[in-house]
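**Q** Following is a predicted model, sequence given first.
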Amino acid sequence: MVVSATTDGGQRKIRRNGSFGYVVPALLLIAFFFIIPVLMLLMRSVLEPTPGLQNYRELLGSTTYLRVFMNTFTVAGLVTVVAVVIGFPVAWLLAIMPDKWSRLVMAIIILSMWTNLLARTYAWMVLLQRTGVVNKMLINLGIIDKPLALVNNLVGVTIGMTYIMLPFVILPLIGILKSIDPAVLRAAALCGANKRQCFTRVLLPLSLPGIASGALMVFVMSLGYYVTPALLGGTSNMMLAELVAQFVQSLVNWGMGGAAALVLLVVTLVLYAVQLKFLNPNRAR
Amino acid sequence: MLLDFEKLGILRPFLIGLTALVCLFLILPIVFIAALSFGSSQWLIFPPPSWTFKWYQMLFADPRWLYSALTSLKIAAIVTVLSVVIGFLAALGLNRGSFFGREALRALFLTPMILPVVVLAVALYALFLQLGLAGTTVGFIIAHLLIALPFSIISIGNALEGFDKSIEDAAILCGASPWEARIRVTVPAVSHGIFAAAIFSFLASWDEVVLAIFMASPTLQTLPVKIWATLRQDLTPVIAAASTILIAFTILLMVLAALFRKGRKA
């Protein structure tokens, strides 16, 4: 109490600082170069070429664009399912295996994650081409006679995207699985549950919030991907992000570009809100 | 039982086998690219008929590759500095402030990270065309700063979370000015967060493709734009050489980060 009498000035100095002023630079940056341009783009979607909703009518009403939406949701869905089915067992093992080994696996996962996106996509373009290693190996093993078309179609996109998304499933799941108390499973076993029941009735339900949250994140990220689908999918199998880019870059149609961007934006934000509200594993616990 | 590595039973070989396969799946493309960059086959046949350095020679003989790498480096360096400074201030404000709408603001600052980049790229491109910033270094820096900033705010915010503010107050009570206290007490205490913020910000800019495609001009290209433009023409092994250098760079950064973490524990 003696201190407070003598350091009144100090106290005031402390209180005066540490508030709103610090976030102003970041706020200005976000406002001028994020909020305003995105809003302006969305405005153009209802103003160009003439005011009205015709861009949206065209986008949602034509079979050409419907195929783009189908491609986008199919690939994102497939990538999510494959990544979760493969990623869950890996995360499971990583959560319980001895540190020495898990560190090695983690290093591999992180290396692949940190490697330049274009380098990874280029690798798959080379590996999956007609004369590439994958086709050669399958022929040598006698599984196929003729090389399969693995690039310039949605198969290539799905493989390339799964490769990119796997770490995003595995890494968060490790934490979730580690936080499950093994005693719960011992209890289930003592009560007579066999391995299968332990898995389907205890382990899986307990990790479900983590799986759902990771799956949704991967799905959302896949919906908006541009580079990998553009390079591995070829021109005839377009996804939504490519459509946005094409409207702006080659067709210089800002109205349609803005409309397609808004659709992508709305889907992303809605799914993200679902994720935050219902599936946040930190909040569910 | 299912969560005990020793008592997994028949599940154990299954899980180990699958994990080994996934590891191969994750590492093989990277190894192949590195191997093919030294292979003599123009058509990237594996295994290569013979070994050569010619793709690296071609890479270094073309000044455009070097120039685009330098452009990337310059932009990433400036973005890193700005991202750390603005991110530190923002994290400080979010951490200390008790103003209205703080949580909403935090969410807003992180949105550029979850938004499809192509939407941001197209929107910024439209704005920059009007402002005359399209195809300029400034435009590039602003675009990359937007996606680097969330990484800084998260990393430094987490570090500030674990820092006891009363230490800073003590310095002020002992006669330091608030900024002196912050720079000489708080900044060193959260240096690991700042270091992480710098690495993530650098990588966010250095590796970024989508924004860069829209911000680039024929005379201003970052390395990813140069790779992208070359890739759209053909699969030349020169890209394998460029990719291998990028991978080596990534491994170097990972080792640095690991050493830094070890140094902090010691």
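**A** Right, received. Where do you want to start? Numbering: from 1, shown residues only, chains lettered A, B, ... in the order given.

**Q** Find the closest residue to chain A in chain B.
**A** For chain B, the residue positioned closest to chain A under C-beta to the nearest C-beta is B:Pro116, at a distance of 2.6 Å. C-beta here means a position set from N, CA and C on the backbone, and glycine is covered the same way.

**Q** ok, that residue - contacts?
**A** Listed by C-beta atoms under 8 Å, 6 or more residues apart in numbering or on different chains, the contact set of B:Pro116 reads A:Leu223, A:Gly224, A:Tyr225, A:Tyr226, A:Ala241, A:Leu264, A:Leu265, A:Thr268.

**Q** and chain B, which of those contact it?
**A** Applying C-beta under 8 Å from any C-beta of the partner chain to these, one finds that A:Leu223, A:Gly224, A:Tyr225, A:Tyr226, A:Ala241, A:Leu264, A:Leu265, A:Thr268 fall near chain B.

**Q** Need the phi and psi values for the fourth one.
**A** According to degrees, to the nearest 10, the main-chain angles of A:Tyr226 amount to phi -120, psi -50.

**Q** Hmm, B:Val210 and it touching each other?
**A** Yes - A contact is recorded between A:Tyr226 and B:Val210 when judged using C-beta atoms under 8 Å, the distance being 5.1 Å.

**Q** In terms of neighbours, single out the busier of those two.
**A** Taking other C-beta atoms under 10 Å in any protein chain shown, A:Tyr226 and B:Val210 do not tie; B:Val210 has more neighbours (26 against 22).

**Q** Leaving out the residues flanking it, which one is nearest to the more buried one?
**A** Take B:Val210 and drop its neighbours on the chain: the residue closest to it by C-beta to C-beta, 6 or more residues apart in numbering or on different chains is B:Val117, 4.3 Å away.

**Q** quick revisit: so of the ones next to chain B among the contacts of B:Pro116, which ones are in helices?
**A** Here DSSP state H is the test, and the ones next to chain B among the contacts of B:Pro116 give A:Leu223, A:Ala241, A:Leu264, A:Leu265, A:Thr268 as lying in helices.

**Q** okay but the fourth one is in contact with B:Ile114, surely?
**A** No - counting by C-beta under 8 Å, A:Leu265 does not reach B:Ile114; the two are 10.7 Å apart.

**Q** So for the two, which sits in the more crowded spot?
**A** Between A:Leu265 and B:Ile114, A:Leu265 has the larger neighbour count (other C-beta under 10 Å), namely 21 against 17.

**Q** Quick one: the helices in chain B, in order.
**A** Counting by DSSP H, the segments of chain B that form helices are B:11-36, B:54-61, B:63-96, B:102-114, B:117-131, B:137-161, B:165-173, B:178-181, B:187-189, B:191-206, B:210-215, B:223-233, B:237-265.

**Q** A:Ala107: which of those is closest?
**A** Smallest distance to A:Ala107 across the helices of chain B (C-beta to C-beta): 7.6 Å, for helix B:237-265.

**Q** Mind giving me the packing neighbours of that closest one?
**A** helix A:99-114, helix A:117-128, helix B:11-36, helix B:54-61, helix B:191-206, helix B:223-233 (3 or more C-beta pairs under 8 Å, 6 or more residues apart in numbering or on different chains; DSSP states H and E).

**Q** any idea which of the ones in helices among the ones next to chain B among the contacts of B:Pro116 is closest to chain B?
**A** Distances from these to chain B were compared by C-beta to the nearest C-beta; the smallest belongs to A:Ala241, at 4.3 Å.

**Q** low-scoring stretches of chain A, by residue?
**A** Confidence mapping of chain A against pLDDT under 70 gives the ranges A:1-19, A:279-285.

**Q** For chain B, what's its nearest residue on it.
**A** Here the residue of chain A nearest chain B is A:Gly224; by C-beta to the nearest C-beta that distance is 2.6 Å.

**Q** Now do the contacts for that residue.
**A** Applying C-beta under 8 Å, 6+ apart, one finds that A:Gly224 lies in contact with A:Leu240, A:Ala241, A:Leu264, A:Thr268, B:Leu115, B:Pro116, B:Val117, B:Val118, B:Val119.

**Q** Quick check: pLDDT value at the closest residue to it other than its chain neighbours.
**A** Distances taken as C-beta to C-beta, 6+ apart place B:Pro116 nearest to A:Gly224, at 2.6 Å, with adjacent residues excluded. In the prediction, the pLDDT value recorded for B:Pro116 is 93.

**Q** can you check B:Leu18 too?
**A** Per-residue confidence at B:Leu18 stands at 94 (pLDDT).

**Q** my read: it touches A:Pro89, true?
**A** Yes - because the distance of 5.1 Å satisfies C-beta under 8 Å, B:Leu18 is recorded as touching A:Pro89.

**Q** Quick test: name the residue nearest the centre of chain B.
**A** B:Leu203 (1.9 Å; C-alpha atoms, centre = their mean).

**Q** how about that residue, what does it touch?
**A** By C-beta under 8 Å, 6+ apart, the contact set of B:Leu203 is A:Trp114, B:Leu253.

**Q** B:Ala197 versus that one, what's the distance?
**A** Computed as C-beta to C-beta, to the nearest Å, the B:Leu203 to B:Ala197 distance reads 11 Å.

**Q** Same question for A:Pro209.
**A** From A:Pro209 across to B:Ala197, the span is 29 Å (C-beta to C-beta).

**Q** In terms of neighbours, single out the busier of these two.
**A** A direct count of neighbours by other C-beta under 10 Å for A:Pro209 and B:Ala197 places B:Ala197 higher, at 29 against 18.

**Q** Distance of that one relative to B:Val85?
**A** Separation of B:Ala197 from B:Val85 (C-beta to C-beta): 10 Å.

**Q** swap in A:Leu206?
**A** For A:Leu206, the distance to B:Val85 equals 43 Å [C-beta to C-beta].

**Q** Of those two, which one has the most company?
**A** Shown here are A:Leu206 and B:Val85; by other C-beta under 10 Å, A:Leu206 has more neighbours (17 against 14).

**Q** which SS state does the more buried one fall under?
**A** At A:Leu206, secondary structure determined by DSSP: H, G, I helix; E, B strand; the rest coil is helix.

**Q** Please look at it and A:Asp181 and confirm they touch.
**A** No - applying C-beta under 8 Å as the test, A:Leu206 and A:Asp181 come out as separate, 9.1 Å apart.

**Q** before we move on, the earlier item: between the helices of chain B, which gets nearest to A:Ser45?
**A** Of all the helices of chain B, it is helix B:117-131 that lies closest to A:Ser45, at 10.9 Å by C-beta to C-beta.

**Q** and that closest one, what does it pack onto?
**A** Packing contacts for helix B:117-131, counted by 3+ C-beta pairs under 8 Å, 6+ apart, involve helix A:36-47, helix A:240-249, helix A:254-274, helix B:137-161, helix B:210-215.

**Q** who touches that helix?
**A** The contact list for helix B:117-131, computed with C-beta under 8 Å, 6+ apart, reads A:33-34, A:36-38, A:40-41, A:44, A:224, A:226, A:241, A:244-245, A:248, A:254, A:257-258, A:261, A:264-265, B:112, B:133-134, B:136, B:139, B:142-143, B:146-147, B:210-211, B:213-215.
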